[in-house]
Structures are given as structure tokens and as C-alpha cells.
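**Q** Give me a model of this one.
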Amino acid sequence: MKLPPPLLAALAALRSAGGRPRLVGGCVRDWLLGLEPKDFDIEVYGLDYEALGRALAPFGPTDLVGRSFGVIKVRLDGAEYDFSLPRRESKTGAGHRGFKVAPDSTLTEAEAAARRDFTINAIAYDPLDNRILDFHGGAEDLKKKILRHTGPAFVEDPLRVLRAFQFAARFGLTLAPETAALCRSISDSYQELAIERVWGEWDKWATKAVKPSLGIMALKQAGWLKHFPEIAALDGVPQEPEWHPEGDVLIHTNHCLDALVGLSSWREGPPQVRRILSLSVLAHDFGKATTTRQAERRGMLRWTSPEHEAAGGPLAESFLQRIGSPLDLIPHVRQLVVNHLLHHQGAEEYRDTTVRRLARKIEPATLDELIAVMQADHLGRPPLVSAETVRRLDHLRTAARRLMLEHAAPKPIVLGRHLIALGLPPGPQFKPALDAAFESQLDGAFADEAGGLEWMRNYLRAHPPVLSSSSTPSP
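**A** From the prediction side, this is the model:
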């Protein structure tokens, strides 16, 4: 593993002091997966806390606030690292915080590794001798894409089930049967989890997944899908085979999610965009659970879900509130859910005024986000592909980019200050004039400030404002 030179120097100093430094946790897992490690956690054996501090002191100020946990933070060349002693954990109460943690420098490396949640996170690495230390078969599980618990203490922390959910999605893993059984045995302990921790795991799923469907299927296999009823309700809901050959609504949703992470809007987007898109695609068909029925179409009974996009809006909102989503995320997702079928309506070609009004309608979501959700929905019906849908989405994307509306809705050009400049005193007469100006702007009547002012002069001549006494200038 390639390490920063300042960190290597500190590791060599620890060994010179009689310690055995090991890289542990996610950095080793990521390295073995061919990913670039971002955070390096170091566990040190053979030294007590004071000796650890003395060995690190020459490298700069050390933060000793983690003494009760046996942790020292050191900043090396602008980066912060955690150096810790091996720790014992004992269950003292409910939830992920119900643990007593105490450093124990006498622990063996195998004993310390056993306290970690999954075998893939229990692999250690000796950076000075370039050795893998794998006491629980984690490297083999990584090769086989299996997510397996390390030991029976797994059941003491219900958060580990949600960690399994996001790990499965991020690294393309499936739950080992015995791990799934353990998860089912502690399903009722979900209520012990703080909502902030629940959201933390969902956020990792939404922003880091490489195959998000595996996370959803891990929840199902673990018996934890019931804690997210809006998703659970999709399982087994039928779809018309002619339109959805892939199967039921949950299967369709999983296909859509996996298609989404392959789109450039998701791949190249920042975390904020990724979470909006992932959660919108997850929720886009929530309404089918309550609207699906059989009805006659083209002379035969077919499965239909009329108005499911509108029905999905409130369900998406309740789901996001249940998992602790930030409040500002909810209106984005709701707009994308309730409007995800707009490309099936109207003409194949989008007029400029239609694009402007659509961008305005879906605020605070954007056309780029809506197109990504529509595209993922379309790709979630393998092997069915509609050339007409592809054309419509391409035309909408091209029009949005040409009008520079892919990332933001149009903003009014004519404002109150323009009315004042034209001699109109502030008052209730402002709103109808400004509303009319914005509607004409959306229709393409003008595109810049000069054109807007000329339009407003003509409007005021044709619609002389009736001034109230409160807005009449004083003599």
C-alpha cells in the first residue's frame, strides 16, 4: 500500500519504540478492492498510551482527547491520523451507544480483529513488512463478494445491519446466509437506533453505491425491509408484462437504481445531486403500491397504475422523514417523483416555452435531474427500450442546454425595481404586472432586460394601473 512519507516515518518511529503498528479497517479493504484509500487508521500493539504519545510527540502536536478510548490524533503534513490502542468492548445498554469501550494493550491482534463488524473490515496490514494479517477470512470473502459477520457479538449493535445494507451496495456484495439469519434475529432492535445514524447509512447508500439494488436486496434478505414500508409495499406488486417484462415493481425499481449509477448525471455529480437522484429513483414508483389495478386496455385486461406519480409524492415525503433526511432534500425528491412521467405527455418535440414552463414547474429540482430520473426509469425495463422515449429525452436535454435551463429554472427578468424606474409607486398593482411579465417571458416575448422594459412599457399603456390611496404619491 502506498502511504504518505510523513505517515511512514511515524510508523517507523513506533516500531523503533517497540510497537507493532497496523493499518486497519476501511483503508485495507479499499486497497484490496483496488480503490485508493482515503483515511488511514492505525492500531498499535506492544505500547501503552504514554509510550504511544512519546513516540508520536516528535512529529507535532498530539490531540489526547481520546485517552479514554486509547486514541491519539496527530496531524502530519496537513493530514490528520488516528493512532489507537487495541480496545475491548462490552455491551452495557440498548443501541449502538450502549457499549463500554476500554483500551487494552494486552489484546492480541486476532482478539482485536474479532470486535469488528464484518470480515472484510477485520483485515489488518503491516505496512513496514508488507504483510496482510487476516484472521477471519476477510480477503477471501472480498474475492467472493460475500459480506459475512466476524463473530457472535455482531448482534449487539443493530446499526451493523444498516452498515451491511450500504456496504452491499457500495462494494457489490451479497449477505452470507448465516449473517442474514443473525440480522433477522435482531430485527426488532431497529427501534433502538437514533434517526441520525439511520440517515447516515442511507446517505452512504445514496451517494456511494456501485450497485444500489444489492443494498435493497440485503435489507429484504435481512428481514429489515419492513422498517421501510414504502419500499416493502412494492415487493410483489404486478406490472403489465408488455410494458414491464422485468417483473414486479420492486424488481423494476432495482433495475432503475442500477441504471441510474451508470448515468453521467449521477457519476459526475456532487454528493448533493447523487442523493437527490438516488432517493428520487428509489421513490419514483412508491405510488404503484396503492394505485395498481386491472383495467381494460386495447380490448384486454391489463395491470395499470393510474396517477401513481401523484400518489407517490406524499409517500416519498413520509419515507424521507422516517429515515431522517435533511428537510431541504424533500421538495427536490417530491417534485421529481410526481413529474417523472411528463415525457409521456404532449408532442414528441418540446417547444421553448414548454421547456421554460417545465423547468419552472419542477423547482427546486432541475431539468437535468428530471431527465436522469426519466432515463433511469426507462432503462429499468430490460430488455425493453423505446426509441420514441429516447428521442423525447434527447430533445428535452438538448433544448434545456440550449436555453441554459438544465441546472436552474428561469428567473424573472422584470422586477419591482424596474416598475419603480418606470414611475410606478410600490403597491398591490406590482403583482399582476410582474406576473404578466414573467408569463410573457416564459412564452418568449423577451429574453433580456431591455426587451423586458419595453414589454412592460407597452403593458402599462394597455393596462393602466389603478392606484390605491396607500400607493398614490404624496403631493
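**Q** Kindly provide the distance from Pro331 to Pro229.
**A** 22 Å (CB to CB, to the nearest Å). (C-beta placed from N, C-alpha, C; glycine too.)
**Q** now Ala17
**A** For Ala17, the distance to Pro229 (CB to CB) stands at 55 Å.
**Q** What is the subsequent helix or strand relative to whichever helix or strand Gly313 is part of?
**A** Following DSSP states H and E, one finds Gly313 within helix 308-322. Following helix 308-322 in sequence order, the next helix or strand is helix 330-338 (DSSP H and E).
**Q** got a list of contacts for that next one?
**A** 276, 279-280, 283-284, 286-287, 309-310, 312-313, 316-317, 320-321, 362-365, 369-370, 373 (CB atoms under 8 Å, 6 or more residues apart in numbering).
**Q** Quick check: phi and psi at the residue most central in space within the chain.
**A** The chain has Ala206 as the residue nearest its centroid, 2.4 Å off, counting by CA atoms, centre = their mean. Phi and psi for Ala206, reported as degrees, to the nearest 10, are phi -70, psi -30.
**Q** if I pick it, what's in contact with it?
**A** Per CB under 8 Å, 6+ apart, neighbours of Ala206: 212, 274-275, 278-279.
**Q** how does it look with 7 Å?
**A** Under the criterion of CB atoms under 7 Å, 6 or more residues apart in numbering, the neighbours of Ala206 are 274-275, 278-279.
**Q** now Asn254
**A** 213, 216.
**Q** what do you get for the one 5 residues further on?
**A** Contact criterion CB under 7 Å, 6+ apart gives 376, 379-380 as the residues in contact with Ala259.
**Q** That one - nearest residue in space that isn't next to it in sequence?
**A** Leu379 (3.7 Å; CB to CB, 6 or more residues apart in numbering).
**Q** neighbours of the one you found, just the number please.
**A** Number of residues near Leu379 (other CB atoms under 10 Å) recorded here: 19.
**Q** Ok, Glu454 next?
**A** Neighbours around Glu454, by other CB under 10 Å: 12.
**Q** what's the angle between the helix holding Gly313 and helix 330-338?
**A** 150 degrees (axes from the mean of the first three to the mean of the last three CA atoms, to 10 degrees).
**Q** Can you name every helix or strand that helix 308-322 contacts?
**A** With contacts taken as 3 or more CB pairs under 7 Å, 6 or more residues apart in numbering; DSSP states H and E, helix 308-322 sits against helix 229-232, helix 271-283, helix 288-291, helix 330-338.
**Q** wait, Ile231 sits on Met217?
**A** No: Ile231 is beyond contact range of Met217, at 11.0 Å (criterion: CB atoms under 7 Å).
**Q** between the two, who's got more neighbours?
**A** Set Ile231 next to Met217 and count neighbours by other CB under 10 Å: Ile231 wins out with 22 against 19.
**Q** Can you check what pLDDT the model gives the residue nearest to the more buried one when sequence neighbours are not counted?
**A** Sequence neighbours aside, Leu225 is the residue nearest to Ile231 in space, at 6.0 Å (criterion: CB to CB, 6+ apart). For Leu225, the pLDDT comes out at 98.
**Q** and if you look at Thr398?
**A** Looking at Thr398, its pLDDT stands at 94.
**Q** Could you look up the SS state of it?
**A** helix (DSSP: H, G, I helix; E, B strand; the rest coil).
**Q** Count residues in the vicinity of it, would you?
**A** For Thr398, using other CB under 10 Å, the count is 13.
**Q** separation between it and Arg392?
**A** Thr398 is 11 Å from Arg392, by CB to CB.
**Q** Equivalent analysis for Ala295, please.
**A** Per CB to CB, Ala295 is found 25 Å from Arg392.
**Q** Out of those two, name the residue with the larger neighbour count.
**A** Comparing Ala295 with Arg392 by other CB under 10 Å, the one with more neighbours is Arg392, at 23 against 10.
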